[in-house]
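Engineer: need the 3D shape of this:
(one chain, ligands or ions: 1)
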Amino acid sequence: MRILVMNAGSSSLKGALWDVEGGPAPPQAPSEPLWTARVDWGRHPGSADVVIRARGAAEDKRAIAIESPRDAFGPVLDALPAGAIDVVGHRIVHGGARFSDSVRIEKEVRNQLAELAEFAPEHNQIEVAVIDAVTQHFGTSLTQIAVFDTSFHATMPEAAYVYPGPRDWLDSGIRRYGFHGISYSYTSRRAAAILKRDLASLKMVACHLGNGCSVCAIDGGRSVDTSMGFTPLEGLMMGTRSGSIDPGICIYLIRHRGYSAGDLDRVLNKESGLKGISGVSADMREIVAAREAGDRWATLAYDIFVHRLSSGVGAMAAILGGMDALVFTAGIGENCAPLRESVCERLAFLGTRLDRPANEGSPVDRDIAVPDSRIRVLVVATDEDWEIARECVRMRG
Ligand code: ADP
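Structural biologist: Coordinates of the predicted model:
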């Protein structure tokens, strides 16, 4: 089965093509993809950078002229290697209350996804544009599957997902959804395999720490709480997002500083977090380097990040009634040893004791706690694209 995965974000599109044997898809990718593509737009106005890698061929790197990101999708599909595609899986950030599982994209589903753009304007519009480009390229008979970042959290109990605002919020879809679910689905299963334990018997707190950051309480493989909510703005401090703040600040800024919705969106999503406090960068590597060089604001940005992450993990552990494993994943989680050490030190009272050489030795898919640590600590390399491919195999039957 040839599976094409399309993973669109607010400023990039990643594509990956696999050729897999029939039968159930393995828990991990059996090989490198046959072909990958990456398009970045927004770096230079009017142009997009395209990088195509086909197995056994030289990398093809070029800039193309575009008026909108949509203009870049056709050239990427044109660059696919010859041969039929059986199914296309799309990453969809927001499934709202309507989609609690992956779904085949028929016309009505496509229109419902477009309506959800109201909830996730930065993501769903682009994702629907990718679906349309695929339909235009291959025709309507090709099976396309939507895989949602929210659906892993459909198992959260009401007490976790209902905001304590007026009750009619819930009727209009204003509730907590949670994100990074595709990653949590992959990493929780992988963590259980690394520990050689049955996922159903494990209480885990997973931390997906990339440009966006969240924590998730996973009980027996099911999400019971997570830090992101109605949008990916709630919860932890992130690269450029504030995470949770007192909503009274927004009321104050509107009343006394003349802020519009657009101003709040920009400030909270783009000018806050690591970047807003450090003034150095949204990139954790640069924060760590500036902190080591004694920079006061980078040090504060790092300290707030650790403070809020530790408190987030503690909250998830309380909801689970204890945890067997703490799992770090995504760019920061997988690569930033000092951050893992800082968090495990803060949570040492719970029983997170790191094996320092293991933590510092670029661990991939391994347990980095000392043997007698009460809580296992794992670094897992997430693979959202493969998780989407697996969903395609499951849905296509
Ligand atoms: P995205 O959410 O866009 O998929 P990633 O999962 O790639 O993002 O994570 C990006 C983040 O990972 C950035 O903040 C980057 O600084 C961080 N990161 C990557 N490598 C390292 C590293 N070696 N040390 C610290 N942070 C790192």
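Engineer: for the stretch 1-150 of the chain, what spans make up the strands?
Structural biologist: Listed in chain order, the strands of the stretch 1-150 of the chain (DSSP state E, counting those that start in this stretch) span 2-8, 12-19, 35-44, 47-54, 60-65, 87-92, 103-104, 143-148.
Engineer: assess the claim that residue 169 and residue 175 are in contact.
Structural biologist: Yes. Taking contacts as C-beta atoms under 8 Å, residue 169 lies within contact range of residue 175: 6.9 Å. C-beta here means a position set from N, CA and C on the backbone, and glycine is covered the same way.
Engineer: higher neighbour count, those two?
Structural biologist: Higher neighbour count among residue 169 and residue 175: residue 175, with 19 against 14, using other C-beta atoms under 10 Å.
Engineer: and this structure, which residues reach the ligand?
Structural biologist: Counting by C-beta under 6 Å from any ligand atom, the chain comes close to the ligand at 210-212, 239, 283-285, 288, 330-332, 335-336.
Engineer: between residue 169 and residue 175, what contacts are shared?
Structural biologist: residue 163 (C-beta atoms under 8 Å, 6 or more residues apart in numbering).
Engineer: for burial, what's the neighbour tally of the nearest residue to residue 4 once chain neighbours are set aside?
Structural biologist: Spatial nearest neighbour of residue 4, chain neighbours left out: residue 88 (4.6 Å); criterion: C-beta to C-beta, 6 or more residues apart in numbering. Burial of residue 88 is recorded as 26 neighbouring residues (other C-beta under 10 Å).
Engineer: now, of the residues of the chain next to the ligand, which are buried?
Structural biologist: 210, 211, 212, 239, 283, 284, 288, 330, 331, 332, 335, 336 (16 or more other C-beta atoms under 10 Å).
Engineer: check the residue nearest to residue 74 when sequence neighbours are not counted and give its pLDDT.
Structural biologist: Nearest non-adjacent residue to residue 74, counting by C-beta to C-beta, 6+ apart: residue 133, 6.2 Å away. Looking at residue 133, its pLDDT is 96.
Engineer: roughly how far does residue 133 sit from the ligand?
Structural biologist: From residue 133 over to the ligand the distance is 22 Å, taken as C-beta to the nearest ligand atom, to the nearest Å.
Engineer: what of residue 47?
Structural biologist: From residue 47 to the ligand the distance is 21 Å (C-beta to the nearest ligand atom).
Engineer: tell me the pLDDT of the closest residue to the ligand within the stretch 101-250 of the chain.
Structural biologist: Distances between the stretch 101-250 of the chain and the ligand by C-beta to the nearest ligand atom are smallest at residue 210, namely 2.6 Å. Note on residue 210: pLDDT of 95.
Engineer: surely it is in contact with residue 331?
Structural biologist: Yes. Contact criterion C-beta under 8 Å: residue 210 and residue 331 qualify, at 4.6 Å.
Engineer: low pLDDT regions in the protein?
Structural biologist: Judged against pLDDT under 70, the chain has no low-scoring part.
Engineer: which element is the most far-flung residue of it relative to its centre on?
Structural biologist: Distance from the C-alpha centroid of the chain peaks at residue 256, with 35.0 Å (C-alpha atoms, centre = their mean). According to DSSP states H and E, residue 256 maps onto helix 247-257.
Engineer: what sits up against the helix or strand following that helix?
Structural biologist: Using DSSP H and E, the helix or strand that follows helix 247-257 in sequence is helix 261-270. Counting contacts by C-beta under 8 Å, 6+ apart, the residues outside helix 261-270 that touch it are 233, 240, 241, 242, 245, 250, 253, 254, 259.
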